[in-house]
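>>> Here you go, sequence then predicted model.
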Protein chains: 2
Amino acid sequence: MTASVRHELLGIGNAIVDVLARCDDAFLAREGLAKGMMTLIDTPTADRLYGRMGPGVEVSGGSAANTMAAFASCGGAGAFIGKVRDDQLGQVFRHDIRAAGIAYDTPPAVDGPPTARCLILVTPDAQRTMQTFLGACVNLGPEDIEHETVAGAAVTYLEGYLFDPPRAKEAFRAAARVAHGAGRLVSLSLSDPFCVNRHRDDFRALVRDEVDVLFANEHEIMALYEAADFDTAMQAVRAETRIACLTRSEKGSVIVADGEVHVIDAVRTSVVDTTGAGDAYAAGFLFGLTRGWPLARCGRAGAIAAGEAISHFGARPAVPLAPLVAAA
Amino acid sequence: MTASVRHELLGIGNAIVDVLARCDDAFLAREGLAKGMMTLIDTPTADRLYGRMGPGVEVSGGSAANTMAAFASCGGAGAFIGKVRDDQLGQVFRHDIRAAGIAYDTPPAVDGPPTARCLILVTPDAQRTMQTFLGACVNLGPEDIEHETVAGAAVTYLEGYLFDPPRAKEAFRAAARVAHGAGRLVSLSLSDPFCVNRHRDDFRALVRDEVDVLFANEHEIMALYEAADFDTAMQAVRAETRIACLTRSEKGSVIVADGEVHVIDAVRTSVVDTTGAGDAYAAGFLFGLTRGWPLARCGRAGAIAAGEAISHFGARPAVPLAPLVAAA
């Protein structure tokens, strides 16, 4: 360890404004959308789909950014790095993450594509299907990674989606290097099974060589190891990482770490919209980890934060998480 | 009556994107905000307040525009006239009102101030306090009033807030003239007691000479007649209008029309956010009126739509209103 900790958690990810709308399964089928998945779309596709979807609600999103907002809501001190443009949606993103209590100083792009949008279609079963237009996120590069910020963060948390915009991948690697150079922890979320399929070899190497704390849901971890069942994937990841948190929706989560294995129940709640459940889980878990809580308690904090996220429309917390996770 | 009806209801109003955030009463006090009211603010004030308020949710708003979205949700055929700029929030407004099923063809302004925003602070008691930056709304003028659209609408519905942007007032008067020239009905919502105080003489003349169906809450109608109590204001308006719908929050509403007086109960529901309650009431009432329902049933439809609006965060309907109002 070098200098003192400035932030407990630094999130690096795509800076996205979500556009949430309700739809039925027939709409997904008609538009040929892969239910429950995140698909990257280009500008014409985004315009066409937006034109067809119902009235929307705009809320700041982005996987790691959601985690940071939830981490701050737990009571943690955090920072975020991600790229918007100098447009209205960029202002919305900047306002919201700062208002959540997160330090955010990445300079906006002054030209190029607009701030990223994710068109999120929520079906009556509360599942979310995401179509992401990456926009200004493609302009995140190593030059946006402030070494001091990374070196001063106890944990640097990276979303797997960062492997999609090409220069962000370099930023990602630069951040991991700086963090480990400063004796800090590196945490990664695999984000999405399609994303894992796009970048499997890179992710396999990263998990083996760089990642201290891995987050993945069962579909993602099975995709990573091309495993036919959850247990096979769990055994594989157990051999390779220090800590892995494997989330399984209503089945709860499994935490594997060295000799330890913990099976944590999901929090029972009425499910309104599953957007951001994994992001919130990571926030609760890392909040506990940065406080030195035992792993099982970290897992319970993650489950509590995820339970809050799915109980309402939109990914970011609707109520302060601090009193909830304190009871974990 | 002249040509056939193209739309049952035409709304003309300010085209606004709402930015909703939760706050406590101490925040309102600290910022010197008039709780429960709508206050007009300039750009520096909007920027300052936005910088201080919590994370927001963006949803299309505007009083008459909300009414139109709720009217379409009831199953009515409607159109809207209002001015945005050609910016991202303008695109959001256009998308949402069209996606709600409302015809909307007002050309956006290509220069001048950006699309209007209303910063809405929701306190734990579910009251909303609104600070409006009118932005591009000041560019609505008589040239935006398509005579054919007005003449083809069974009812033209105008929000009192239109008296704030100076040229919109001219547009408002032009629309009322065209509507009456075509033998159609003109409906007005008084919008807000502060707004009534700003334009009392104009509103008094309008109510007496032009308005066929008036909507006002008890504070607005008392402000209009400078009456000390509700009953005095009710007797005054009864002498002057064909139909007046006077809403009283949890006390329900009173409808006065020629010889008729109806007292309609509010729908009991858990109150989350009162934004848009009056807008939704007008939608439900006018939906019934354009179908020739008896006034008491129109009032019950209004109460049902208002009950839906206050049961969730945000002004526009979260569920289809058609099956609900059909049971009125």
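Sure, I can see it.
>>> Could you tell me which residues of chain A lie near chain B?
Within chain A, the residues that sit near chain B (C-beta under 8 Å from any C-beta of the partner chain) are A:21, A:50-51, A:53-60, A:69, A:87-89, A:92, A:95-97, A:99-100, A:114, A:314, A:316. Where you see a C-beta, it was placed from the backbone N, CA and C, and this is true even at glycine.
>>> just the buried members of those?
Buried residues within those, counting neighbours by 16 or more other C-beta atoms under 10 Å in any protein chain shown: A:21, A:50, A:53, A:55-60, A:69, A:87-89, A:92, A:95-97, A:99-100, A:114, A:314, A:316.
>>> Narrow the residues you listed to those in strands?
Using DSSP state E, the members of those that fall in strands are A:21, A:57-60.
>>> Reformat the residues you listed as TSV; add pLDDT.
Listed next are these as TSV, based on pLDDT from 0 to 100:
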residue	pLDDT
A:Ala21	94
A:Val57	93
A:Glu58	96
A:Val59	95
A:Ser60	96
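>>> between those, which is nearest A:Gly11?
Relative to A:Gly11, the closest of these is A:Ser60; by C-beta to C-beta it sits at 12.8 Å.
>>> Please name the residues that touch that closest one.
A:Ser60 sits next to A:16-18, A:69, A:92-93, A:96-97, A:316, B:55 when contact means C-beta atoms under 8 Å, 6 or more residues apart in numbering or on different chains.
>>> check contacts around the residue nearest to it when sequence neighbours are not counted.
Once flanking residues are discounted, A:Ser60 sits nearest to A:Asp96: 3.8 Å by C-beta to C-beta, 6 or more residues apart in numbering or on different chains. A:Asp96 makes contacts with A:59-60, A:69, A:316, B:55-56, as judged by C-beta under 8 Å, 6+ apart.
>>> Need those residues in JSON lines (columns: distance to A:Phe163).
Below are the contacts of A:Asp96 laid out as JSON lines (distance: C-beta to C-beta, whole Å):
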{"residue": "A:Val59", "distance to A:Phe163": "24"}
{"residue": "A:Ser60", "distance to A:Phe163": "22"}
{"residue": "A:Ala69", "distance to A:Phe163": "22"}
{"residue": "A:Arg316", "distance to A:Phe163": "23"}
{"residue": "B:Pro55", "distance to A:Phe163": "27"}
{"residue": "B:Gly56", "distance to A:Phe163": "30"}
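>>> Pick out the most distant pair among those residues.
Longest distance between any two of the contacts of A:Asp96 is 12.2 Å, between A:Ala69 and B:Gly56; criterion C-beta to C-beta.
>>> From B:Ala322, how far off is whatever residue of the stretch 1-150 of chain A ends up closest to chain B?
Per C-beta to the nearest C-beta, the residue of the stretch 1-150 of chain A with the smallest distance to chain B is A:Glu58, at 3.7 Å. Relative to B:Ala322, A:Glu58 is positioned 26 Å away (C-beta to C-beta, to the nearest Å).
>>> Skip the chain neighbours and tell me the closest residue to the residue minimising distance to the centre of chain A.
Centroid-nearest residue in chain A, with C-alpha atoms, centre = their mean: A:Ser63, separated by 3.0 Å. Leaving aside its sequence neighbours, A:Ser63 sits nearest to A:Glu159 (C-beta to C-beta, 6+ apart; 4.2 Å).
>>> how near is A:Leu121 to B:Leu158?
From A:Leu121 over to B:Leu158 (counting by C-beta to C-beta), the distance is 35 Å.
>>> More neighbours: these two, which one.
Neighbours were counted for A:Leu121 and for B:Leu158 using other C-beta atoms under 10 Å in any protein chain shown; B:Leu158 has more, 29 against 25.
>>> pretty sure A:Arg22 is touching A:Val122, no?
Yes. Between A:Arg22 and A:Val122 there is a contact at 5.3 Å, judged by C-beta atoms under 8 Å.
>>> what residue ranges in the stretch 201-328 of chain A score low on pLDDT?
Along the stretch 201-328 of chain A, no part satisfies pLDDT under 70.
>>> Let me see the ranges of the helices in it.
A:218-224, A:230-238, A:277-289, A:295-310, A:322-326 (DSSP state H, counting those that start in this stretch).
>>> dump the residue contacts of A:Ala328.
So A:Ala328 contacts A:284, A:288, A:293, A:297-298, A:300-301, A:304 (C-beta under 8 Å, 6+ apart).
>>> which strands and helices sit next to the helix or strand hosting A:Ala176?
Assigned by DSSP states H and E, A:Ala176 belongs to helix A:166-181. Applying 3 or more C-beta pairs under 8 Å, 6 or more residues apart in numbering or on different chains; DSSP states H and E, one finds that helix A:166-181 contacts strand A:7-12, helix A:147-151, strand A:153-159, strand A:185-189.
>>> Determine how far the third one lies from the middle of the whole chain.
Going back to what we said before, that points to strand A:153-159. Here strand A:153-159 is found 11 Å from its chain centre; the criterion is C-alpha atoms, centre = their mean, to the nearest Å.
>>> what do you get for the second one?
Offset of helix A:147-151 from its chain centre (C-alpha atoms, centre = their mean): 20 Å.
>>> in it, what counts as buried?
For helix A:147-151, burial by neighbour count (16+ other C-beta under 10 Å) applies to A:149-151.
>>> Spell out which residues sit in contact with the nearest residue to A:Val319 once chain neighbours are set aside, please.
Sequence neighbours aside, A:Glu308 is the residue nearest to A:Val319 in space, at 6.7 Å (criterion: C-beta to C-beta, 6+ apart). By C-beta under 8 Å, 6+ apart, the residues touching A:Glu308 are A:269, A:280, A:317-319, A:321, A:324.
>>> and if you look at A:Gly259?
So A:Gly259 contacts nothing (C-beta under 8 Å, 6+ apart).
>>> Distance of it relative to chain B?
Look at A:Gly259 and chain B: by C-beta to the nearest C-beta, to the nearest Å, they are 41 Å apart.
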